[in-house]
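1. A predicted structure for the sequence below; I have some questions about it.
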Amino acid sequence: MRVAEAVGRTLAQLGLAHVFGVTGSGNFHVTNALIDAGVKFTAARHEMGAACMADAYSRSTGRVSAVSVHQGCGLTNAMTGIGEAAKSRTPMLVLSGDTPPTQKTSNFWIDQAAAVAALGAKVERIHSAETAVADAVRAFALARDERCTVLLNLPLDVQEEQIEWTPEAVPVPAPRLVPGPSPEAVSRLADLLAGARRPVLVGGRGALAARADIEALADRTGALLTTSAVGRGIFTGNPWYLDVMGGFSTDTTAELIQGADVVVAFGASLNRWTSRSGSLLPSATVVQVDLSPEAIGFHRPVEFGVIGDSALVAAAVERELASRGVQSAGYRSEEVQARIKAGSQWVDVEFEPVSSGGTIDPRTLTLALNDMLPMERVVVPDGGNFNGYPAMFFQIPDARGYCLPLAFQSIGLALSCAIGTAVANPDRMAVAGIGDGGFMMSLAELDTAVRLKLPLVVVVYNDNAYGAEVHHFIHETDKMGTVVFPETDIAAIARGFGCTGVTVRSEQDLQGVRDWLAGERTTPLVVDAKISSFPSWVLAHTFDEE
């Protein structure tokens, strides 16, 4: 068979979970080989959308997925999505045709390895028919074991070579066991927590599977629990959970974190968003726990770092404290719990609605939708001035109910990511919160959602502008013509794609949402929400450097 077919069959046998893509001549055979071998394929309308779908699918499932693209322009179309996945440490393969270096006169020629390496992704290559299987196995194992995004270049000439392939020829990559902490690290962290009066434990992306162990450690030390933005939902339901730490925090949550004397971050980078440029950690002793040595102290100085899996570290430290007889009330008291219940979630924080000229306050809108939509959901906020509303006012059932594609700070990724989460979670309703600017950038993927008959809800926070830029520069100039647009009938555009479109200017207009919920939900719902425009409090942290 062709090398291209052998690569597809090899990846399928290794357990590739799903493939998203736009098929051209350079990735035609490998994509069909994957499908023939039983891997499900979702055709997207644009390569960036396909990359975002694969990214979100792998975030939701923890499994390696793939985006399949044509060489050259197909790959460059996907690069923003690849950059987001790479920054998010998503275990994802990028399968791309590759123009051989002997054909640099081809319109498709670029140095693909250099282009994608610049995004922070790893790069592998199918070198020859003799090494094709081993090359494919190496790329898959790299994505799976190092939790990273990997470009697998498939040169066109090598793809056409013939190879003798059998299932038995595919080696099983050895499982990589995650490391536990050193005895010295366990002892030192136990010493610190044993003496802490107001400890706070933070869970990030690296702690998604460590809930029980971190909660046990928190119970023993009297710690409060919080998460980074991407880890939101890890501790949902715990009475000592503060919700998100950082720009999305309520005032109550921020104040309680600021009062900590010891903060231990499990799989969380503590970047300037999470720490509010350091203002949430004014005097705390900070420790980072992470599998990656390079993550320790990358964003801010820490007292020390512990290299190891979050669950293993938390469990080891809890056992050490138990052996010492440590059991502390720590930060936990009736007064603190009352504050958490009253003010740690935005749904409980009062506000004065802002509305004018046939618009709805985005907070009012989101809270109303929060109550209407089923809780078995996955919320996917986009970037922009509005993004605090879906990120904060939509409640979620657990960590699997949240996907935040903001590592690259690009707008326009949420619609495609929501499709990826919907494919990965057919038992849940995907809810994308996106601005009108990001929506107009990515609306081609409405066709994908319609074709798949997804019960997807797309809430478009429509202020007829790139709102972040408006509110950032309005104090400097009144020349806003480059970032303000005429009113667009987004609901009509959505209906043109085959979606159900609803325009909302007041709470009374939400009847269309109720009607859709009461129906079969076989078409995506797009809510064109004409929102009041005012600066988001999250925007205050956007342009602030630590």
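-> Happy to help now that I have it.
2. In stretch 441-456, which residues are buried?
-> By neighbour count with 16 or more other Cβ atoms under 10 Å, stretch 441-456 contains the buried residues Met441, Ser442, Leu443, Glu445, Leu446, Asp447, Thr448, Ala449, Val450, Leu454, Pro455, Leu456. All C-beta atoms are positioned from the backbone trio N, CA, C, and that covers glycine.
3. The stretch 351-500 of the chain: helices as residue ranges?
-> Taking DSSP state H, counting those that start in this stretch as the test, the helices found in the stretch 351-500 of the chain are 362-372, 388-393, 414-424, 436-442, 446-451, 467-473, 490-497.
4. any idea of the mean pLDDT in the fifth one?
-> When you say that, I think you mean helix 446-451. Average pLDDT, helix 446-451: 98.
5. All further residue positions should be reported with the first residue as 338.
-> Noted, 338 is the first residue going forward, which turns the last one into helix 783-788.
6. which residues sit against it?
-> Contacts of helix 783-788 with the rest of the structure, by Cβ atoms under 8 Å, 6 or more residues apart in numbering, involve 379-382, 386, 390, 752, 756, 759, 793, 795, 831, 834-836, 860-861, 863.
7. From the residues you listed, which land in strands?
-> Secondary structure from DSSP state E places Thr379, Ala380, Val795, Val863 of these in strands.
8. ranking the helices of the stretch 688-837 of the chain by mean pLDDT, which is last?
-> helix 804-810 (a mean of 75).
9. Who are the contact partners of Arg400?
-> Applying Cβ under 8 Å, 6+ apart, the residues near Arg400 are Gly352, Ala354, His355, Tyr394, Pro428.
10. out of those residues, which is most surrounded?
-> Tyr394 (30 neighbours; other Cβ atoms under 10 Å).
11. Let me know the secondary structure of it.
-> Put simply, Tyr394 is helix when judged by DSSP: H, G, I helix; E, B strand; the rest coil.
12. Repeat that for Ala549.
-> Following three-state DSSP, we place Ala549 in the helix state.
13. That one: how many residues sit nearby?
-> 11.
14. got a pLDDT number for it?
-> pLDDT, Ala549: 98.
15. Compute the first-to-last residue distance for stretch 713-728.
-> One end of stretch 713-728 to the other measures 16 Å (Cα to Cα, to the nearest Å).
16. Would you mind splitting this protein into its domains for me?
-> When the chain is parsed with automatic domain parsing, its domains come out as 340-506, 520-680, 688-879.
17. Need those in a markdown table (columns: distance to Leu514).
-> Shown next, in a markdown table, are the domains of the chain (distance: least, Cβ to Cβ, whole Å):
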| stretch | distance to Leu514 |
| --- | --- |
| domain 340-506 | 10 |
| domain 520-680 | 9 |
| domain 688-879 | 23 |
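18. Tell me the helices and strands packed up against the helix or strand harbouring Leu488.
-> Secondary structure here is read from DSSP states H and E; on that basis Leu488 sits in strand 486-492. Judged by 3 or more Cβ pairs under 8 Å, 6 or more residues apart in numbering; DSSP states H and E, strand 486-492 is in contact with helix 340-351, helix 416-424, strand 429-435, helix 449-454, strand 459-462, helix 469-482.
19. Relative to the whole chain's centre, how far out is it?
-> Distance of strand 486-492 from its chain centroid, counting by Cα atoms, centre = their mean, to the nearest Å, is 22 Å.
20. mind listing what's buried in stretch 658-678?
-> Buried residues in stretch 658-678 (16+ other Cβ under 10 Å): Leu658, Ser665, Gly667, Tyr668, Arg669, Val673, Arg676, Ile677.
21. May I ask which two of these are separated the most?
-> Farthest pair in these (Cβ to Cβ) is Leu658 and Arg676. Separation: 25.9 Å.
22. if we can go back for a sec, point out the most buried one among the helices of the stretch 688-837 of the chain.
-> Mean neighbour count (mean count of other Cβ atoms under 10 Å) peaks for helix 751-761 among these, with a mean of 30.
23. May I have that one as PDB, with CA atoms only?
-> C-alpha atoms of helix 751-761 as PDB (Å, rounded to 0.1, in the frame of the first residue of the first chain):
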ATOM      1  CA  ALA A 751     -15.000  29.800  20.300                       C
ATOM      2  CA  LEU A 752     -17.500  28.700  17.600                       C
ATOM      3  CA  SER A 753     -15.200  26.000  16.200                       C
ATOM      4  CA  CYS A 754     -14.100  25.000  19.700                       C
ATOM      5  CA  ALA A 755     -17.800  24.600  20.700                       C
ATOM      6  CA  ILE A 756     -18.300  22.300  17.800                       C
ATOM      7  CA  GLY A 757     -15.300  20.200  18.900                       C
ATOM      8  CA  THR A 758     -16.700  20.000  22.500                       C
ATOM      9  CA  ALA A 759     -20.100  19.100  21.100                       C
ATOM     10  CA  VAL A 760     -18.700  16.200  19.100                       C
ATOM     11  CA  ALA A 761     -16.700  15.000  22.100                       C
END
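24. Does Val474 touch Leu489 like I think?
-> No - using Cβ atoms under 8 Å, Val474 makes no contact with Leu489, being 10.8 Å away.
25. These two: which has the busier surroundings?
-> Comparing Val474 with Leu489 by other Cβ under 10 Å, the one with more neighbours is Leu489, at 26 against 18.
26. Return the residues in contact with that one.
-> Counting by Cβ under 8 Å, 6+ apart, Leu489 touches Val344, Leu430, Val431, Leu432, Ser433, Glu461, Arg462, Ile463, Asp472, Ala473, Ala476.
27. next one: Gln682
-> Going by Cβ under 8 Å, 6+ apart, Gln682 touches Asp580, Thr587, Gln732.
28. Same check on Gly680?
-> Contacts for Gly680 (Cβ under 8 Å, 6+ apart) come out as Thr587, Asp588, Thr589, Thr590, Val686.
29. So which of those are in strands?
-> Using DSSP E, none of the contacts of Gly680 sit in strands.
30. which one of those residues has the most neighbours?
-> Ranked by neighbours (other Cβ under 10 Å), these are led by Thr590, which has 25 neighbours.
31. I'd like the distance between it and Thr703.
-> Applying Cβ to Cβ, to the nearest Å, the value for Thr590 to Thr703 is 18 Å.
32. Make a markdown table from the contacts of Gln682 and add pLDDT and distance to Val623 to it.
-> Putting the contacts of Gln682 into a markdown table (pLDDT from 0 to 100; distance: Cβ to Cβ, whole Å) gives the following:
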| residue | pLDDT | distance to Val623 |
| --- | --- | --- |
| Asp580 | 96 | 20 |
| Thr587 | 95 | 22 |
| Gln732 | 96 | 29 |
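33. picking that back up, confidence-wise, which of the domains of the chain is weakest overall?
-> If the domains of the chain are sorted by mean pLDDT, domain 688-879 sits at the bottom with a mean of 92.
34. tell me how far it is from the chain's mean position?
-> With Cα atoms, centre = their mean, you get 16 Å for domain 688-879.
35. Would you map the helices across the stretch 438-587 of the chain?
-> Residue ranges of the helices in the stretch 438-587 of the chain, as given by DSSP H, counting those that start in this stretch, are 449-454, 469-482, 493-496, 520-531, 548-558.
36. outside of the longest one, which residues touch it?
-> Surrounding helix 469-482, the residues in contact under the criterion Cβ under 8 Å, 6+ apart are 340, 343-344, 347-348, 351, 353, 401, 428-430, 459, 461-464, 485-487, 489, 495, 500, 502, 506-508, 510, 513.
37. Residues touching stretch 811-830, excluding its own?
-> Contact with stretch 811-830 is made by 773, 776-777, 780, 797, 799, 801-803, 806-807, 810, 838-840, 863-865, as judged by Cβ under 8 Å, 6+ apart.
38. Of the contacts of Gly680, which belong to helices?
-> Among the contacts of Gly680, the residues falling in helices (DSSP state H) are Asp588, Thr589, Thr590.
39. Return the closest of those with respect to Leu538.
-> Thr590 (13.9 Å).
40. what's near enough to touch the spatially closest residue to Val515 that is not a sequence neighbour?
-> Nearest residue to Val515 in three dimensions, chain neighbours excluded: Asp646, at 4.0 Å (Cβ to Cβ, 6 or more residues apart in numbering). Neighbour list for Asp646: Val515, Pro516, Gly517, Ala547, Leu628 [criterion: Cβ under 8 Å, 6+ apart].
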